[in-house]
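**Q** I'll drop the sequence and a predicted model, then ask my questions.
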Amino acid sequence: MSLVFAGVCSHAPGITGRAARAEPSVRDAFYAKLGEMRARLEAAKPDALIVVAAEHFANFFMSNMPAYCVGMADGYEGPIEDEAWLAIKRRRVPGNAALSRRLVEGLLENIDVAYAEEWKFDHGIMVPLHFLTPRYDVAVIPVNVNCQGPPLTPLKRAYEFGRALRRACDAQPERIALVGTGGISHWPATPDSGTINEAWDREFLARFLANDREALTSYSDEQTLREAGQGGFEIRTFLSVAGATEGSTGELLFYAPIPIFAVGCTVATMRVE
């Protein structure tokens, strides 16, 4: 078939783990828009959901850190974190090894990728799934973009990865949805945790929603680190979605800085044409 849905959302562990400590009206508005995104995703009737995320040293370490990795299993387990801390119960998440392999083969025509037949999901994937596929009834294909350990993949390559992923998806008979997930500005696991640069976030989102390739790929890592924290490196997951929907624009469903969640919380969709 082809790609039938694309969007992005935040994945910080506090979104579920510290829900009770957030200001109720803002939290509930955020959750409501995640629910709207879920409804749009379900309406697209996907056979599989690709989640492009930033992995947090749960499976990949500095001894072996692929720039891009695709899961290629029939099932995964998550979350790898403590269930009580994340407020998400551990479970088996269905995959689709055959489709994953075809996607990997398609990607390899244009871009080098690694693959993994074993993968335990951390909050980067489990928090979005908690809201978007709460019945865990859609096959998930995880994709990791290294946003943690320099040298990081250049932003132009992240956009090109998205373009290659779209070509691979469109060559498949299945209906495929795509969600990119990460933070925008945030400083996780540092004394500045909870700091959010709202102005930077909104400027980035304007570029993302316009799918302005030149503007999106113009950030330097030094600028991002200074203005958006090391968590800002996760914009690579958003750029992959932008690349997969090149020529289309997006709709912002929700954005608000929620300090107790330690990130500017985002929900947005991109038109799939």
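**A** Cool, got the structure. Numbering: from 1, shown residues only.
**Q** okay, CA-based contacts and neighbour counts for the rest of this
**A** Noted.
**Q** residue ranges for the strands of the stretch 1-150 of the chain, please.
**A** For the stretch 1-150 of the chain, applying DSSP state E, counting those that start in this stretch gives strands covering 2-9, 48-53, 68-71, 75-78, 91-94, 114-116, 139-145.
**Q** what lines up beside the third one in the sheet?
**A** Strands that pair with strand 68-71, judged by DSSP bridges, come out as strand 114-116 (parallel), strand 139-145 (antiparallel).
**Q** For that strand, the averaged confidence score.
**A** Averaged across strand 68-71, the pLDDT comes to 98.
**Q** With the last one instead?
**A** Model confidence over strand 139-145 averages 98 on the pLDDT scale.
**Q** Give me the buried positions along it.
**A** 139, 140, 141, 142, 143, 144, 145 (16 or more other Cα atoms under 10 Å).
**Q** Can I get the strands of the stretch 1-150 of the chain in TSV including distance to residue 207?
**A** Compiled in TSV, those are given as follows (distance: least, Cα to Cα, whole Å):
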stretch	distance to residue 207
strand 2-9	14
strand 48-53	19
strand 68-71	23
strand 75-78	33
strand 91-94	33
strand 114-116	29
strand 139-145	20
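**Q** Indicate which one of these is closest to residue 198.
**A** Across the strands of the stretch 1-150 of the chain, residue 198 has its closest neighbour in strand 2-9 (15.8 Å, Cα to Cα).
**Q** CA atoms only: put the closest one into PDB for me.
**A** As requested, the backbone C-alpha atoms of strand 2-9 are provided in PDB (Å, rounded to 0.1, in the frame of the first residue of the first chain):
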ATOM      1  CA  SER A   2       1.900   3.000   1.300                       C
ATOM      2  CA  LEU A   3       2.400   5.300   4.200                       C
ATOM      3  CA  VAL A   4      -1.000   6.300   5.500                       C
ATOM      4  CA  PHE A   5      -0.300   8.400   8.600                       C
ATOM      5  CA  ALA A   6       2.600  10.400  10.000                       C
ATOM      6  CA  GLY A   7       3.000  12.400  13.200                       C
ATOM      7  CA  VAL A   8       5.200  13.300  16.100                       C
ATOM      8  CA  CYS A   9       4.800  13.500  19.900                       C
END
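**Q** residue contacts, residue 11?
**A** When contacts are counted by Cα atoms under 8 Å, 6 or more residues apart in numbering, residue 11 touches 123, 124, 125, 127, 128, 181, 182, 183.
**Q** Kindly recompute the last result at 7 Å.
**A** Shown in contact with residue 11 (Cα atoms under 7 Å, 6 or more residues apart in numbering): 123, 124, 127, 128, 181, 182, 183.
**Q** Take the buried residues of strand 139-145 and write them to JSON lines, including distance to residue 255.
**A** Listed next are the buried residues of strand 139-145 as JSON lines, based on distance: Cα to Cα, whole Å:
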{"residue": "139", "distance to residue 255": "28"}
{"residue": "140", "distance to residue 255": "25"}
{"residue": "141", "distance to residue 255": "26"}
{"residue": "142", "distance to residue 255": "25"}
{"residue": "143", "distance to residue 255": "24"}
{"residue": "144", "distance to residue 255": "24"}
{"residue": "145", "distance to residue 255": "23"}
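**Q** out of the residues you listed, who's nearest residue 215?
**A** residue 145 (20.1 Å).
**Q** and the closest one, what does it touch?
**A** Contacts of residue 145 by Cα under 7 Å, 6+ apart are 53, 54, 67, 68, 69, 237.
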